[in-house]
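Just need the structure, nothing else, for what follows:
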Amino acid sequence: MMREKAAVSFPGFTLLALLLILIGVTIWGLVSLAQQAALTHTMLPVPATVGLCLAGLLELIALRGLVILNPNEGVVLQFFGRYVGTVREPGLRWTIPLCSRRRVSLRVRNFESAALKVNDLDGNPIEIAAVVVWRVVDTAEAVFQVDDYRNFVQVQAEAALRGLATRFPYDAHDPEHASLRSHGELVAEQLKRDTQERLAPAGVQ
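Got it, this is the predicted structure:
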């Protein structure tokens, strides 16, 4: 099982200011070399010019490491296919520039399942639906353990609901036995446990 881990990141404003200064110095150096070559009627010195161009290229690549995160959002980082961690700190952050990124919402979400036609414990046909409230708690599992965690949540929640309906009668004739109609809190708690068990591999709560 792949577990989430914190990625290496730094305050973005500090790195942005440093990179802008370095880019400014690089541009100033190139301009100075061009002016000197024009005054002396000579060609640009190759080593210095190549060095400044490479420095400018590296600085532009480093700018790609900047990423803006909203509150309750995570960014999953992969370095040439290898998972290197997740950034969760909101604001402007700087990470490894060559990493690919995938944003994952950590906000609380909900959906209403379709009305499922099933048979209860006594074999009576009923229609049942549920409102499922969920959120991602492990971004690595949500991204890498399942193909599409949003669809996974919906399918597994409806499967848990279908299985639950077959374990309870709609209306119990004996008041000591739980039923879908009279024991809503107990049924909801059982549905929560069943759904959580199914969703655990996807890093969802």
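
tell me which residues in stretch 178-193 are buried?
A178, S179, L180, V187, Q190, L191 (16 or more other C-beta atoms under 10 Å). Every C-beta, even on glycine, is put in place using the N, C-alpha and C of the backbone.

May I see the residues you listed organised as CSV, with pLDDT, secondary structure and distance to F152 added?
What follows is the buried residues of stretch 178-193, written out as CSV (pLDDT from 0 to 100; DSSP: H, G, I helix; E, B strand; the rest coil; distance: C-beta to C-beta, whole Å):
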residue, pLDDT, secondary structure, distance to F152
A178, 81, coil, 29
S179, 82, coil, 30
L180, 80, coil, 26
V187, 86, helix, 23
Q190, 90, helix, 21
L191, 90, helix, 17
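
Widest-spaced pair of those residues?
Greatest spacing in the buried residues of stretch 178-193, by C-beta to C-beta: S179 and L191 (14.1 Å).

between the buried residues of stretch 178-193, which is closest to V76?
Closest approach between these and V76, by C-beta to C-beta: L191, at 29.5 Å.

Check for me that R101 belongs to a strand.
Yes. If the criterion is DSSP: H, G, I helix; E, B strand; the rest coil, then R101 is within a strand.

Now do the strands in this structure.
10-11, 66-69, 73-79, 82-87, 91-94, 100-105, 109-112, 116-119, 125-128, 131-134 (DSSP state E).

Pick the most deeply packed of these.
Ranked by mean neighbour count, these are led by strand 73-79 with a mean of 19 (mean count of other C-beta atoms under 10 Å).

Give me the angle between it and strand 100-105.
Per axes from the mean of the first three to the mean of the last three C-alpha atoms, to 10 degrees, the angle that strand 73-79 makes with strand 100-105 is 160 degrees.

That concludes my questions; thank you for your assistance.
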